[in-house]
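# My questions are about this predicted structure, shown below with the sequence.
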Amino acid sequence: MPTLLAIERLEYPHAEAPAAVFQLNNIQRTIVAEVAEMIIPQTETAGAKEAGVPSFIELMLNDCYRTPEHLSFIEGVEELRAAGFLTKNGAEKTELLRKVEKDTKELIKAYNMQQSKMGDNEDRELMKVQTKGLPFWRLMKELTLLGYFTSEAGIKGSFEYVPIPGKLEEVKIKPNQKIYAY
């Protein structure tokens, strides 16, 4: 849906712009870059930072998401900052992110259960509380993967890039051979 919203904005540039502009400060950008790099680290292929994922995340949040997701994302980044994410070693960072992921899964599961019994006053109160939009961790992982696998570095690092394909024929992939992307 965010991609469709961006395409719509290209077609109708004079349409009403979103009320809030999303922008991270330098510390928040550093946290986002570190988390993205932990999701897709540099190995023999480019990592998330080298592929430009942190800038992509900020651009997508600004251009394609609305205020509830902005608030949710900033809250998640600030929780990591408050937990001292940047001062932790690699194992501690991993453990902290695993806890964030576990909490996010529980939040989404609880939210989906509540949605199945719409109508009572408890649901209305829950809906008011959850106006923050998608949780930080889901946005972070989703945008990291999208940014990486739509970048040149991500495509070339993960696929055998063939800009001009030959004839269509069955090919047997050998062990450790990359799949083709055209």
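Perfect, I can see it now. Bear in mind that the values here come from a model prediction, so they are computed numbers and not experimental data.
# which stretches of the protein have low pLDDT?
Residue ranges of the chain with pLDDT under 70: 1-2, 5, 12-20, 112-132, 161-166, 180-182.
# For it, just list every one of the strands.
Remark: strands assigned in the chain by DSSP state E are 159-161, 179-181.
# what's the single longest helix in this structure?
helix 90-115 (DSSP state H).
# Tell me how far that one lies from the chain's centre.
Helix 90-115 sits 15 Å away from the centroid of its parent chain (CA atoms, centre = their mean, to the nearest Å).
# residues contacting the most centrally placed residue in the chain?
Geometric centre of the chain, nearest residue: residue 143, 2.3 Å, by CA atoms, centre = their mean. Neighbour list for residue 143: 53, 56-57, 60-61 [criterion: CB atoms under 8 Å, 6 or more residues apart in numbering]. In this view, the C-beta of every residue, glycine as well, is placed from N, C-alpha and C.
# Let's see that with 7 Å instead.
Residue 143 is in contact with 56-57, 60, counting by CB atoms under 7 Å, 6 or more residues apart in numbering.
# and which of the residues you listed is nearest to residue 176?
Distance to residue 176, by CB to CB, is smallest for residue 56 among the contacts of residue 143, at 28.4 Å.
# Kindly provide the distance from that closest one to residue 36.
9 Å (CB to CB, to the nearest Å).
# Please apply the same query to residue 21.
Per CB to CB, residue 21 is found 21 Å from residue 36.
# Comparing those two, which residue is more hemmed in?
Neighbours per residue (other CB atoms under 10 Å) separate residue 21 from residue 36, with residue 36 holding more: 26 against 8.
# So the more buried one is in contact with residue 53, correct?
Yes. Assessed by CB atoms under 7 Å, residue 36 is found in contact with residue 53 at 4.6 Å.
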